[in-house]
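1. Quick one, fold the following:
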Amino acid sequence: MTWASILKNLLMVCVFTSSAVSTVESYRCANFSCVNGNCALKTQTCVASQGCFHRVQEFKTPISSSNLVVQEKGCSTNKCNKLAFSATLGHQVTFGYEQQCCQTEECNKGDVQLSQPSSQTNGVECPACYNETHMSCDPVLLKCTGAQTKCVEVIGTVPTIYGSLLSIYAKGCATETACDLNKDILNSIKIRTFCSSGSPPLTSISSVLTGLLLLKVVL
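-> As a prediction, this is how the structure comes out:
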């Protein structure tokens, strides 16, 4: 085989390999961001290994004008991970977060409904407070509900040219999925969360008396 033939074969191998590597399956994802219903819609192409995401966040306070609902769809820059959590904090502040992932053509086009916390108390009690100016607060005891069985402490900061500024310091009840988070929420707030076990359910006086009567019968 001549050198010309060898070089020709090597060139063909290189062209084939380059073509195979560059041919990556891709698909479109719905891509937009909405704040309190004001949205901008467009589409873009995503690499299949990254996936499409649909993320909904809801921040609620007793003052309706302060409520915030952020809905986002798009292409994940990294591997998309499904996550859902909720928390009830001091001063009747609640926060819900849900992110769904998928890997097919415009699979994130539909709407995602944020799960609402149950109103049924679960017997766990946690200190609760909420402060946007200081990294301290005077907690009061909060009865947890539904799947919010963990006591959570939340520190939220906002990056600035002068460094990170405190945005939120809060305590309350949360789902276990809200524990040990270090992530961005509501577009600009970076939160860190720390969890502990709440107080166990309290045994009622009637239950204690019933137990004593049963013990007396047995003896």
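2. How about stretch 34-53, which residues are buried there?
-> Residues Cys46, Gln50, Gly51, Cys52, Phe53 are the ones in stretch 34-53 that count as buried (16 or more other Cβ atoms under 10 Å). For every residue, glycine as well, the C-beta is placed using N, CA and C.
3. isn't the first one right up against Phe53?
-> Put plainly, it is Cys46. No - counting by Cβ atoms under 8 Å, Cys46 sits too far from Phe53 to count as a contact (9.5 Å).
4. returning to that earlier point: okay if I get the buried residues of stretch 34-53 as JSON lines plus pLDDT and secondary structure?
-> Putting the buried residues of stretch 34-53 into JSON lines (pLDDT from 0 to 100; DSSP: H, G, I helix; E, B strand; the rest coil) gives the following:
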{"residue": "Cys46", "pLDDT": "83", "secondary structure": "strand"}
{"residue": "Gln50", "pLDDT": "83", "secondary structure": "coil"}
{"residue": "Gly51", "pLDDT": "89", "secondary structure": "coil"}
{"residue": "Cys52", "pLDDT": "92", "secondary structure": "strand"}
{"residue": "Phe53", "pLDDT": "94", "secondary structure": "strand"}
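5. and the residue nearest to the spatial centre of the chain, what element?
-> Here the mean C-alpha position of the chain is nearest to the C-alpha of Tyr97 (Cα atoms, centre = their mean), at a distance of 4.3 Å. Remark: Tyr97 resides in strand 94-102, with elements defined by DSSP states H and E.
6. Strands along the protein, start to end?
-> For the chain, the strands identified by DSSP state E occupy 26-35, 38-47, 52-60, 68-75, 83-89, 94-102, 121-131, 140-145, 150-160, 163-174, 182-185, 189-197, in order along the chain.
7. I'd say Phe53 and Asn81 touch.
-> No - in this structure Phe53 lies outside contact range of Asn81 using Cβ under 8 Å: 9.1 Å.
8. Could you name every residue contacting both of those two?
-> Overlap of the contact sets of Phe53 and Asn81 (by Cβ atoms under 8 Å, 6 or more residues apart in numbering) consists of Gln99, Cys101.
9. ok, now how distant is the closest residue to Gln57 other than its chain neighbours from Thr177?
-> For Gln57, the nearest residue in space outside its immediate sequence neighbours is Val70; the separation is 4.5 Å by Cβ to Cβ, 6 or more residues apart in numbering. Taking Cβ to Cβ, to the nearest Å as the criterion, Val70 is separated from Thr177 by 19 Å.
10. same thing with Gly123?
-> When Cβ to Cβ is applied, the distance between Gly123 and Thr177 equals 20 Å.
11. Also Gln148?
-> Distance, Gln148 to Thr177, using Cβ to Cβ: 10 Å.
12. who has more neighbours, the two?
-> Gln148 (26 against 14; other Cβ atoms under 10 Å).
13. Contacts only, for the more buried one.
-> By Cβ under 8 Å, 6+ apart, the contact set of Gln148 is Ser86, Ala87, Thr88, Pro117, Asn122, Val124, Cys173, Ala174, Thr175.
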